[in-house]
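Student: Below is the sequence, then the predicted model.
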Amino acid sequence: MHVSLRFLVLILAPVLALAVATAPISAAERSRIEAFLKTTGFDVALDSIALASSSAPGMLGIDPGDFGSDWTRLTDEVFDTEEMHELAVSILEQTLSDEALEHAVDFYASDLGQRLVEAENASHMVEDDDAKQLEGQEIVAGLVRDGSPRVESLKRMNRAIDASGIALKALQEIQIRFLLAASGAGVIDLEMSADELREMMRHNEGSMRNALQMSALAGAAYTYKDFSDADVTAYAEALEQPLMQEVYELLNAVQYEIMAGRFEVLAARMAELHPAQDI
């Protein structure tokens, strides 16, 4: 289950509230949700949320090396995989319809689907994201030089995964909420209000949007490098199906909710590790 984890986070409480309010009567039961998570690979995507924590100190202008072993201890506590998994299951029990669940499982249980999940799981757990991005960029550059249609298929895939186009707003919101939480905990001295931060980010939206799209393209090129052009096109087409769109909207909302909450907790608890400093 390909879900971007590069700080593409947005609190989607309104989306989740609407999903719960309109949840189908035949919402899937827990055992089927557990099987769904494993078959689609979303369980690994959830576990990999913790890897994004390595960039958190840099967002505050702090050297993570200053924390030593305390940083590992803290992130292990904040990003408890069992707790994140339990929250995801609880939300999906109330929101994921049987029809959408079965549609996604049918695809991801296929030969192509399982090969995709294996590749996605491996990509999610690569800790050196810079190296992954660099290799992906090199792959994209080669495809462009060759005039390969694969580039457009990868773009189709990324558009389908983020059909509602929330990635940019997600990036902005996670940074704002993380900074505000860190400021509230005394980890940093933040001289800008939330509105001022949002205005600053709106001013830079063009460059940020381009950077996100390039990052997503490089990530997809890396993840699916061993698949044929036909496989990549078939995956893009599968992701564009309405029921798959329903599944991804829910999974993105669940993942964003968990990530945003965990990063706010992390910001607050960083006060245990480092004195306040100006930003």
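Tutor: In hand now; what should we look at? Numbers count the residues shown, from 1 in each chain.
Student: Where does the prediction get shaky in the stretch 151-279 of the chain?
Tutor: Filtered on pLDDT under 70, the stretch 151-279 of the chain yields the residue ranges 274-279.
Student: Show me the helices in it, by range?
Tutor: 167-184, 194-203, 205-223, 229-239, 242-269 (DSSP state H, counting those that start in this stretch).
Student: Using CSV, lay out these together with distance to residue 155 and mean neighbour count.
Tutor: (C-beta placed from N, C-alpha, C; glycine too.) Output for the helices of the stretch 151-279 of the chain, formatted as CSV (distance: least, CB to CB, whole Å; neighbours: other CB atoms under 10 Å):
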stretch, distance to residue 155, mean neighbour count
helix 167-184, 13, 20
helix 194-203, 24, 13
helix 205-223, 6, 18
helix 229-239, 9, 17
helix 242-269, 16, 20
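Student: among those, which is nearest residue 51?
Tutor: Nearest to residue 51 among the helices of the stretch 151-279 of the chain is helix 242-269; the distance by CB to CB comes to 11.2 Å.
Student: and the angle for the closest one with helix 229-239?
Tutor: Helix 242-269 and helix 229-239 are oriented at 80 degrees to each other (axes from the mean of the first three to the mean of the last three CA atoms, to 10 degrees).
Student: Measure how helix 242-269 sits relative to helix 167-184, angle-wise.
Tutor: Going by the same axes, to 10 degrees, helix 242-269 makes 20 degrees with helix 167-184.
Student: Centre of the chain to helix 242-269, how far?
Tutor: 7 Å (CA atoms, centre = their mean, to the nearest Å).
Student: what does stretch 38-58 give?
Tutor: With CA atoms, centre = their mean, you get 8 Å for stretch 38-58.
Student: got it, and stretch 48-67?
Tutor: On CA atoms, centre = their mean, the centre of stretch 48-67 falls 16 Å from the chain's centre.
Student: If you count neighbours, what's buried in it?
Tutor: Neighbour-count burial for stretch 48-67, counted by 16 or more other CB atoms under 10 Å, picks out 48-53, 56-57, 59-60, 62, 64, 67.
Student: any chance of the residues you listed in a markdown table, plus pLDDT and distance to residue 221?
Tutor: Shown next, in a markdown table, are the buried residues of stretch 48-67 (pLDDT from 0 to 100; distance: CB to CB, whole Å):
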| residue | pLDDT | distance to residue 221 |
| --- | --- | --- |
| 48 | 86 | 19 |
| 49 | 83 | 23 |
| 50 | 82 | 25 |
| 51 | 81 | 20 |
| 52 | 78 | 20 |
| 53 | 79 | 25 |
| 56 | 80 | 26 |
| 57 | 81 | 29 |
| 59 | 80 | 26 |
| 60 | 80 | 31 |
| 62 | 79 | 32 |
| 64 | 68 | 28 |
| 67 | 74 | 33 |
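Student: Those: which two are farthest apart?
Tutor: 48 and 62 (22.8 Å).
Student: Relative to residue 85, which of the helices of the stretch 151-279 of the chain is closest?
Tutor: Nearest to residue 85, of all the helices of the stretch 151-279 of the chain, is helix 242-269, at 9.4 Å by CB to CB.
Student: Quick one: closest of the helices of the stretch 151-279 of the chain to residue 90.
Tutor: Evaluated over the helices of the stretch 151-279 of the chain, closeness to residue 90 peaks at helix 242-269, with 9.5 Å, by CB to CB.
Student: Tell me which residues touch the closest residue to residue 87 other than its chain neighbours, please.
Tutor: What sits nearest to residue 87 in space, not counting adjacent residues and going by CB to CB, 6 or more residues apart in numbering, is residue 258, at 5.8 Å. Residues near residue 258 by CB atoms under 8 Å, 6 or more residues apart in numbering: 46, 49, 84, 87, 88.
Student: mind checking which helix or strand the third one is in?
Tutor: Element membership for residue 84, per DSSP states H and E: helix 81-95.
Student: That helix to helix 242-269, inter-axis angle?
Tutor: Interaxial angle of helix 81-95 relative to helix 242-269 (the same axes, to 10 degrees): 140 degrees.
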